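>>> A structural model of the following input is requested.
(chains A, B and C)
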Amino acid sequence: MAKIRTSTASAALPSDVESEDAHGTAPAEMLSISQRAMRRNAEPYLDALNPEQREAVETLDGPLLVLAGAGTGKTRVLTTRIAHLLRLGRANPGQILAVTFTNKAAREMKQRVSGLIGGVVEGMPWLGTFHAIGVKILRRHAELVDLKPSFTVLDTDDQIRLIKQLLEAENIDEKRWPARVLAGMIDGWKNRGLRPERVPDGESYGFANGKGRALYSAYQRRLKDLNAVDFGDLLMENLRLFQDHPDVLERYQQRFRYMLVDEYQDTNVAQYLWLRLLAQTNANICCVGDDDQSIYGWRGAEVDNILRFESDFPGATVIRLERNYRSTAHILGAASGLIAHNQGRLGKTLHTDGDDGEKVVVQGCWDDEEEARVIGEDIEQLQRQGHTLNEIAILVRASFQMRAFEDRFITLGLDYRVIGGPRFYERQEIRDAIAYLDVTLNPSNDLKFERIVNVPRRGLGDATLKSLHQLARASEIPLTQAARLIVETEDLKPKPRRALSALLSSFDRWRSLVDTMRHTELAELILDESGYTGMWQADRSQQAEGRLENLKELIHFMEEFDTLAGFMEHVSLVMDAATEEGTDRVNLMTLHSAKGLEFDTVFLPGWDEGLLPHQRSLDEAGRSGLEEERRLAHVGLTRARKNAKISFAQNRRTYGMWQTAVPSRFIDELPHEHVEVAEDNGTASMRGYGPSRFDSEEMFATGNYETPGWQRARANRQRGGGPRHEPITIEGTLVAASTAEGSGIQLGQRVFHQKFGYGRVASIDGNKLTVDFEKAGRKKVVDTFVEPV
DNA sequence: AACTAATACTTTTTT
DNA sequence: AGTATTAGTT
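Next up is the predicted model:
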């Protein structure tokens, strides 16, 4: 994310997320002055492009595949192409279909297009994610696929709950055949565009001895009963709509005169079929992607889609963008040399006019803790040299690797942020809140109702729910309706009967307010009156506060919408946690979530055999798995602008057992001329002795009180620890020698600890204290490691 | 319904 | 190893 750049050449353009501003050849200089002047008036945005990019923008008719390597300006091409289409009057905004995979990408594209065309054109109704556009089309023609236009979109939780019920009804042992496994299989089938009847026998046998297909059909029937779709259906039902109703398809074919697809290498079969149907007649489809960055094969993405493009779309033009504006020649050389080991690529050679820069550094470490320590030192070094933490990233293969870094950074007092991780929308409290809102609007949403009937506890336990289910199933009515009937009978004991009745009238009351009350106020009211907020307020655990914060943020987020219904429409599809910017922090994330980002310095730890080519990838997908892992490594390297450092650990704990690790084969695949092996000359005394547990002592031992970490620790102490954010998990067992006498610390004393921050002493056992830390929770520590405040 | 004990999990995750 | 869920008990 380029933030600090004063670009003169592209001053008229909005700032790029991928750095694409330094262009070698300006095509404009080859023209006469008058030509240039004329063109400048007509299409000023074209001047910012290199010849290949420009060709990709100006090739408007027929199928076009733009193979855009990392850092070659693909987003710029896409957005400029849209601007160009509009500028030339080839299409109006409503006639352009532009699909992305993420909301972030869609947002960014919208912004950049409106920047290019001066914000004159109001919106692009068909610019969005596959799923968002899928819903939009489906709502308009819901009846044609046996849905009501008000259908709801299930999230994964609902999906699992529904499948659990099905398994129960079929008397299938959920232990042997877990619901999430079936959910995964159904998802996989939908990714491939397979309806139940088309599921291959072999795969159907993969679940509950051949019940796979039948369960899939049953699941689909239940969805229809509930007037609901899952994520996969958004595409599947679109396909059904188009296939069964050619007239509808034709209307969309005519409407979408130009189609653009971002990240084409990530499309799955269903998405491909959808695109192909829409592109059948006019075929002005432009797909942008990079086969070398396909890293979602395990989620159903088909690299084949991009490899087959030319045969799928006869007469296609293919343009390669190989001029990289991001990385130094050494980084590019290393990345290219590595990816060259993959077979079955379309083949691109990235090059740059820029400097050679520094070689890629490779360093071996004793174990993962040393790895974290070394990288921590490197970062402090960079910081001393005036580098910004925001421009430093650590990219790991698997999230468990993050822990060592978090521990180390907390010790050093180094600010960091975790990118990715559990999404806002996936948090329990958010889903609960949404369930309340959803049931208010849509009483027949059984899954959501079930989720919150007894949250907070109202004495409506399993027994009550069971009778409700029985009645609902017998009379084929929604649970809320069954509830209405049952409270009129003597079937329930008085207590649950009253509780249920109260809940129903609450929902009725809230529903009556939907049209009159402001939706944000109503939401607050609902969460309040239902006792939901109160539940968390009464909760004394450390997370409760964060949950309340999240609920506030949810309400805040709602303000962007005009109505509750409008909010609900978007909530399941477009809600991601805001990445807090502004503060200077090291970025920590998985390689997967790093795609599309870039940083000056990138650390790539954990290049161990079995971790970077991940064992499971190898086991499950053989050579293609290996190649995907190699692409992952390639994505990692190409995130770096100036510096990349690869490291591996010789010892790593897997599931609690120490294991010797072997350096990744990818390390030896890097071309020698671009690599430098790190000298083993770190902080002298500590090298080679394995992990040190005594970080504070280590600082004394090295005699260096002036490291940035030490200074920060001091500063932190003064301003009270500094704010910490949610995803940090602080873990650690301090193994310390016992000292004889106590240090005058008393029960309830407020104390400060280097690693855990502030807390209050809960119990004392000799020199061992149990402390309830404000951020880190309850820990056992030795008294010499804390000081009274 | 709330506690403890046992047991099962542990790759990546755009919507 | 460590956590997170679940089963079994009070």
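>>> which is the next helix or strand following the helix or strand hosting residue A:161?
Secondary-structure assignment from DSSP states H and E places residue A:161 in helix A:156-169. The first helix or strand that comes after helix A:156-169 along the chain, using DSSP H and E, is helix A:179-191.
>>> what is that following helix packed up against?
The helices and strands touching helix A:179-191, judged by 3 or more Cβ pairs under 8 Å, 6 or more residues apart in numbering; DSSP states H and E, are helix A:156-169, helix A:212-225, helix A:231-244, helix A:269-279. (Each C-beta comes from the backbone N, C-alpha and C, glycine too.)
>>> any idea which of those helices gets closest to DNA strand B?
Distances from DNA strand B to each of the helices and strands packed on helix A:179-191 were compared using Cβ to the nearest atom of the strand; the shortest belongs to helix A:231-244, at 4.4 Å.
>>> what's the longest strand in chain A?
Across chain A, the longest stretch assigned as strand under DSSP state E is strand A:640-654.
>>> next, the angle helix A:179-191 makes with the helix holding residue A:161.
Computed by axes from the mean of the first three to the mean of the last three Cα atoms, to 10 degrees, the angle separating helix A:156-169 from helix A:179-191 equals 110 degrees.
>>> can you list the residues of the stretch 151-300 of chain A near DNA strand B?
Applying Cβ under 7 Å from any atom of the strand, we find that the stretch 151-300 of chain A lies next to DNA strand B at A:156, A:178, A:231, A:263, A:266, A:296, A:298, A:299.
>>> just the buried ones out of the residues you listed, please.
A:178, A:231, A:263, A:266, A:296 (16 or more other Cβ atoms under 10 Å).
>>> JSON lines for those residues, including pLDDT and distance to DNA strand C?
As requested, those are arranged in JSON lines below (pLDDT from 0 to 100; distance: Cβ to the nearest atom of the strand, whole Å):
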{"residue": "A:178", "pLDDT": "84", "distance to DNA strand C": "9"}
{"residue": "A:231", "pLDDT": "91", "distance to DNA strand C": "21"}
{"residue": "A:263", "pLDDT": "94", "distance to DNA strand C": "31"}
{"residue": "A:266", "pLDDT": "94", "distance to DNA strand C": "29"}
{"residue": "A:296", "pLDDT": "93", "distance to DNA strand C": "25"}
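>>> adding distance to residue A:242, write the residues you listed out as CSV.
Putting those into CSV (distance: Cβ to Cβ, whole Å) gives the following:
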residue, distance to residue A:242
A:178, 34
A:231, 18
A:263, 22
A:266, 21
A:296, 24
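>>> what does the helix holding residue A:161 contact?
Contacts of helix A:156-169 with the rest of the structure, by Cβ atoms under 8 Å, 6 or more residues apart in numbering, involve A:154, A:174, A:177, A:179-180, A:182-183, A:186, A:208, A:215, A:218-219, A:222-223, A:226, A:228, A:230-231, A:431, A:447-448, A:450-451.
>>> sorry, back to before: mean pLDDT lowest for which of the helices and strands packed on helix A:179-191?
Looking at the helices and strands packed on helix A:179-191, the lowest mean pLDDT belongs to helix A:156-169 (a mean of 84).
>>> what angle separates that helix from helix A:231-244?
For helix A:156-169 and helix A:231-244, the angle between their directions (the same axes, to 10 degrees) works out to 80 degrees.
>>> pull out the buried residues from helix A:156-169.
Neighbour-count burial for helix A:156-169, counted by 16+ other Cβ under 10 Å, picks out A:158, A:159, A:160, A:161, A:162, A:163, A:164, A:165, A:166, A:167.
>>> select the longest helix from chain A.
With residue count as the measure and DSSP state H as the assignment, chain A has helix A:615-637 as its longest helix.
>>> how far does stretch A:653-672 sit from its chain's centre?
Mean C-alpha position of stretch A:653-672 versus that of the full chain (Cα atoms, centre = their mean, to the nearest Å) differs by 26 Å.
>>> got any ranges where chain A has weak pLDDT?
A:1-42, A:119-122, A:540-542, A:575-580, A:680-789 (pLDDT under 70).
>>> spatially central residue for it, please.
residue A:420 (4.9 Å; Cα atoms, centre = their mean).
>>> pull up the residues of the stretch 551-700 of chain A that are close to DNA strand B.
A:573-574, A:576, A:589-590, A:592-593, A:614, A:616-617, A:620, A:655-656.
>>> what's the closest of the buried ones among the residues of the stretch 151-300 of chain A next to DNA strand B to residue A:629?
residue A:296 (12.7 Å; Cβ to Cβ).
>>> surely the closest one meets residue A:271?
No. Under the criterion of Cβ atoms under 8 Å, residue A:296 is not in contact with residue A:271, lying 11.7 Å apart.
>>> identify the contacts common to those two.
Overlap of the contact sets of residue A:296 and residue A:271 (by Cβ under 8 Å, 6+ apart) is empty.
>>> so can I have TSV of the helices and strands packed on helix A:179-191 showing distance to residue A:319?
As requested, the helices and strands packed on helix A:179-191 are exported to TSV (distance: least, Cβ to Cβ, whole Å):
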stretch	distance to residue A:319
helix A:156-169	38
helix A:212-225	41
helix A:231-244	28
helix A:269-279	18
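>>> between the ones you listed, which one is closest to residue A:73.
Across the helices and strands packed on helix A:179-191, the minimum distance to residue A:73, taken as Cβ to Cβ, is reached by helix A:269-279, at 23.0 Å.
>>> need the max-distance pair from the residues of the stretch 151-300 of chain A next to DNA strand B.
Looking at these by Cβ to Cβ, the two members farthest from one another are A:178 and A:263, with 31.2 Å of separation.
>>> what number of residues are in the vicinity of residue A:256?
22 (other Cβ atoms under 10 Å).
>>> do you know how far the closest residue to residue A:95 other than its chain neighbours is from residue A:283?
Here the nearest residue to residue A:95 in space, its sequence neighbours aside, is residue A:257; by Cβ to Cβ, 6 or more residues apart in numbering that works out to 4.5 Å. Relative to residue A:283, residue A:257 is positioned 11 Å away (Cβ to Cβ, to the nearest Å).
>>> anything in the helix holding residue A:161 near DNA strand C?
No. Judged by Cβ under 7 Å from any atom of the strand, helix A:156-169 makes no contact with DNA strand C; its nearest approach is 9.2 Å.
>>> quick check: angle from that helix to helix A:212-225?
Orientation check (the same axes, to 10 degrees): helix A:156-169 against helix A:212-225 gives 120 degrees.
>>> export helix A:156-169 as PDB, just CAs?
The C-alpha coordinates for helix A:156-169 follow below in PDB (Å, rounded to 0.1, in the frame of the first residue of the first chain):
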ATOM      1  CA  THR A 156     -21.700 -20.900   7.100                       C
ATOM      2  CA  ASP A 157     -23.100 -21.200  10.600                       C
ATOM      3  CA  ASP A 158     -26.600 -21.500   9.400                       C
ATOM      4  CA  GLN A 159     -25.500 -23.900   6.800                       C
ATOM      5  CA  ILE A 160     -23.900 -26.200   9.300                       C
ATOM      6  CA  ARG A 161     -26.900 -26.000  11.700                       C
ATOM      7  CA  LEU A 162     -29.200 -27.000   8.800                       C
ATOM      8  CA  ILE A 163     -27.100 -29.900   7.800                       C
ATOM      9  CA  LYS A 164     -26.900 -31.100  11.400                       C
ATOM     10  CA  GLN A 165     -30.600 -31.300  11.500                       C
ATOM     11  CA  LEU A 166     -30.700 -33.200   8.200                       C
ATOM     12  CA  LEU A 167     -28.200 -35.700   9.600                       C
ATOM     13  CA  GLU A 168     -30.200 -36.100  12.700                       C
ATOM     14  CA  ALA A 169     -33.300 -36.700  10.800                       C
END
